[in-house]
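J.: structural data only, the sequence is not supplied:
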Ligand SMILES: O=C(O)c1ccccc1N[C@@H]1O[C@H](COP(=O)(O)O)[C@@H](O)[C@H]1O
């Protein structure tokens, strides 16, 4: 089994960026939507100049953005991926693709309709992020969904040759259980935070567990 791709999301300070840049995630995510983790693109751009390692892929998380909102962020920051975490339509996603020509991941909340939505969106996206639905919250909830549904999501993503990240409430404590589903991507924000900031001990604990799991599985 190969190691899942890792994304650390909700980086919202220079210190968060320093900690996550020197860790082992491939992707770092920034929230450009209403959230306590919302960041300003020009601020992120200045933080990036302060970190030694620029090799991470940068993901911008948006909720129902207008093209001009996307333009404002992409004008200040070179993003590698746009993550759409709202109720964007197929037509809106197509329009984002045509404007920006970078990979798009659609976040879908785990509900009885999620597989139908994967079928609906697969032609216009490069990947899916499956997250928990908690009331009206968009993401960053720190709550897991019923993981027994993960195999269905992975199978569908594989059929359509799309990336599939599992999000929502993943922590160093539960990641080993998650790995038993042979997930292809892990996306977490709250689970590596302490007092609302990214925590080095939590990142280290999570990565140790990921490494041990891969080692044991060989
Ligand atoms: O993190 C946020 O505040 C957020 C706000 C609006 C949309 C998405 C958001 N985060 C996404 O939520 C999951 C991670 O959540 P968790 O904290 O690990 O439970 C991830 O997809 C983030 O991109």
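T.: Alright, I've got the coordinates. This one's a predicted model, so the numbers in the text were calculated from it and none came from an experiment.
J.: who does the residue positioned nearest the centre of the chain form a beta bridge with?
T.: With the centre of the chain defined as its mean C-alpha position, the nearest residue by Cα atoms, centre = their mean is residue 187, 4.5 Å away. On the basis of DSSP bridges, residue 187 is bridged to residue 7, residue 167.
J.: what does residue 83 give?
T.: Using DSSP bridges, the beta-bridge partners of residue 83 come out as residue 61, residue 105.
J.: count the residues that sit near it.
T.: Residue 83: 30 surrounding residues under other Cβ atoms under 10 Å. Bear in mind the C-beta positions are built from the backbone N, C-alpha and C, glycine included.
J.: can you tell me how far it sits from residue 179?
T.: Per Cβ to Cβ, to the nearest Å, residue 83 is found 22 Å from residue 179.
J.: just checking, the residue nearest to the centre of the chain touches residue 127?
T.: No: in this structure, residue 187 is not within contact of residue 127 by Cβ atoms under 8 Å, at 10.3 Å.
J.: show me the helices in this protein, by range?
T.: Under the criterion DSSP state H, the chain contains helices at 14-21, 41-49, 67-76, 90-100, 114-121, 150-159, 175-179, 200-217.
J.: tell me which of those helices sits most buried.
T.: helix 14-21 (a mean of 20; mean count of other Cβ atoms under 10 Å).
J.: contacts for that one?
T.: The contact list for helix 14-21, computed with Cβ atoms under 8 Å, 6 or more residues apart in numbering, reads 8, 10-11, 28, 44, 47-48, 50-53, 56, 197-200, 203.
J.: so which of those also contact the ligand?
T.: By Cβ under 6 Å from any ligand atom, the members of these lying near the ligand are residue 10.
J.: which ones are touching residue 33?
T.: 61-63, 65, 85-86, 138.
J.: look up phi and psi at it.
T.: Main-chain torsions, residue 33, degrees, to the nearest 10: phi -150, psi 160.
J.: near the ligand, which residues of this structure show up?
T.: By the rule Cβ under 6 Å from any ligand atom, the part of the chain lying against the ligand is 9-10, 29, 31, 33, 35, 37, 61, 63, 85, 107, 129, 131, 138-142, 167-170, 187-191.
J.: same thing but 5 Å
T.: 9-10, 29, 31, 33, 35, 37, 61, 85, 129, 138-142, 167-169, 187-190 (Cβ under 5 Å from any ligand atom).
J.: and the angle for the helix or strand bottoming out on mean pLDDT in the chain with helix 14-21?
T.: Counting by mean pLDDT, DSSP states H and E, the chain has its least confident helix or strand at helix 200-217, which shows a mean of 84. Calculated by axes from the mean of the first three to the mean of the last three Cα atoms, to 10 degrees, helix 200-217 forms an angle of 10 degrees with helix 14-21.
J.: roughly how far does residue 155 sit from residue 164?
T.: Using Cβ to Cβ, residue 155 is found at 10 Å from residue 164.
J.: run through the chain and note the low-pLDDT ranges.
T.: Counting by pLDDT under 70, the chain contains low-confidence residues at 1, 214-218.
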